[in-house]
Structures are given as C-alpha cells and as structure tokens.
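Asks: show me how the following folds:
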Amino acid sequence: MKRFAAVVMIAFCASAAFAAGVSRSYKDWPNTPIGYYLTNAERKQWDALQSDAEAEQFIKDFIARRGGETFTREVSQNAEKADKYLTIGKTPGSETVRGKMMILLGPTVPTAATKKKKSGEVHLAPATSIGDLSGPTMQDMQAASNDPGNSTLFITEYTYTYPASALPAAYGKPLTVKIEVEPDKNRDRLVGIGAEKELDKVYEMVAQAKLAAAKAPAP
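Replies: Sure, this is the predicted structure:
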C-alpha cells in the first residue's frame, strides 16, 4: 500500500520544473496500475500534454471519471496482490506483464507451466487441463519466478486461459496467453506472434467498460 500510495503522490505532486512538455515524474504514469486503464483516445490526449500542470489535471479528471477514491482503492488492492505474488527480482509485480494482466482482467492461475533450459533443453512442469483453475497457485508462481536455481539457467513459460465469461462481452471468446518469466533479467514477456496486439484489444475493451460503468446511473 505504501509503495502504491507513493506512486500516486508523485504523480500528483511532481514539480513543474520543465518549461515545455511533461517531466520525467509524469512520463511513465501510463505504465502505472492506474494508467493501465487509459483508453486509446485518452492515451492520445495524454501524449499531447505540454506541462506537468496539464498532466496533474488530466490525472485528477481521469480518476474522477472512474469513481474517484473507490477506483483508486480497487486498483491499489489489485496492485498490492501483484507486487506480493508476481514480483520478479527487482521488478515489482504490478509493473510486469502478468501483473498488468491480473490488474485489468482479474486474477487467474496458469493452466500449464513449462520450464525451459536456456540452452534449449525443455523440462515440462506438471500441468492441468485447459479451464481447470486448480493449477499452480500465486505462491507457486512466485516461487518459480524467484527460484535461485532458475536465475541463470532457466526461464519458465506459463499458459493462462481466461474463459469468455471473465472477459468483456464484446470480445466474445476465451483468451489464452503465454508468458515467459526471465528471473535473471527481472522481467517477463508475452510469447507468440500477435499476442501483444490481441491482449491490447482486450485491455481497450476493459478500459472502455470501466469508464462506462462509472458513468452508468445507480440502480
């Protein structure tokens, strides 16, 4: 909670030391847990900002449109879970590919895990059938990501499947994503041609849905 609060505080209180353009304190805001909810249209608006004062007002309006404190509290809780279970070396879990996916799409467990020796030798870890969410837990994922024995010799590829019911209705189908964890490089990355584009499509739908839900009148 403290770390996440510090990120939000920096975004709101950064000094307007640069005469033109957004300062370093704001430039990475789109890559924070709250910034993950930018729609494509809002991202274009963000890229056109010319000062820290404009950035600060943009963020205030952005949060207000999504429910204010209720929204930031929800995102903070999800970011804390990502930091707890998905941190890779020096990279906080909320800043990883898996962390962003968990924050935007909700938590899930991998349906398969494959340990790969960097020389090319492959070791298959116990896997579950697609759709069976009784597979490796968050703790298992954290242990595998940070296992000292993996730090120089192995990467682990996780397969995640979200059923259609867990995704925006407009998407209309299940989503399967493969992500490799590289502990020695403090990172994870998407695997497969078109994976990033497909995931970005779903993220846009999620961002639009969050915005629409906040605008909807209370029942």
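
Asks: every contact and neighbour count from this point should use C-alpha atoms.
Replies: Noted.

Asks: tell me the domain boundaries of this structure?
Replies: 2-65, 96-200 (automatic domain parsing).

Asks: what's the mean pLDDT across the last one?
Replies: Going back to what we said before, that points to domain 96-200. Averaging pLDDT along domain 96-200 yields 78.

Asks: and if you look at stretch 39-49?
Replies: When pLDDT is averaged along stretch 39-49, the result is 96.

Asks: starting at the chain centroid, how far to it?
Replies: Relative to its parent chain, stretch 39-49 has a centroid offset of 19 Å by CA atoms, centre = their mean, to the nearest Å.

Asks: report all helices and strands that the top helix by length along the chain contacts.
Replies: Secondary structure of the chain per DSSP state H: the longest helix is helix 195-215. If you count contacts as 3 or more CA pairs under 8 Å, 6 or more residues apart in numbering; DSSP states H and E, helix 195-215 packs onto helix 52-65, helix 97-105.

Asks: tell me which residues of that helix are tucked away?
Replies: 199, 202, 203, 204, 205, 206, 207, 208, 209, 210, 211 (16 or more other CA atoms under 10 Å).

Asks: and the gap between residue 108 and residue 98?
Replies: Distance from residue 108 to residue 98, counting by CA to CA, to the nearest Å: 10 Å.

Asks: same question, residue 75
Replies: Going from residue 75 to residue 98 by CA to CA gives 15 Å.

Asks: those two: which is more packed in?
Replies: Taking other CA atoms under 10 Å, residue 75 and residue 98 do not tie; residue 98 has more neighbours (25 against 18).

Asks: the buried residues of helix 195-215 into TSV, with extra columns for distance to residue 42?
Replies: Listed next are these as TSV, based on distance: CA to CA, whole Å:
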residue	distance to residue 42
199	18
202	16
203	13
204	11
205	13
206	14
207	10
208	10
209	14
210	13
211	11
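
Asks: export stretch 52-61 to PDB, keeping only CA atoms.
Replies: This file holds the C-alpha atoms of stretch 52-61, laid out as PDB (Å, rounded to 0.1, in the frame of the first residue of the first chain):
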ATOM      1  CA  ASP A  52       3.100  19.000 -15.600                       C
ATOM      2  CA  ALA A  53       0.100  21.200 -14.600                       C
ATOM      3  CA  GLU A  54      -1.800  19.700 -17.500                       C
ATOM      4  CA  ALA A  55      -0.800  16.200 -16.600                       C
ATOM      5  CA  GLU A  56      -1.900  16.700 -13.000                       C
ATOM      6  CA  GLN A  57      -5.300  18.000 -14.100                       C
ATOM      7  CA  PHE A  58      -5.600  15.100 -16.500                       C
ATOM      8  CA  ILE A  59      -4.900  12.500 -13.800                       C
ATOM      9  CA  LYS A  60      -7.400  14.200 -11.400                       C
ATOM     10  CA  ASP A  61     -10.100  14.200 -14.100                       C
END
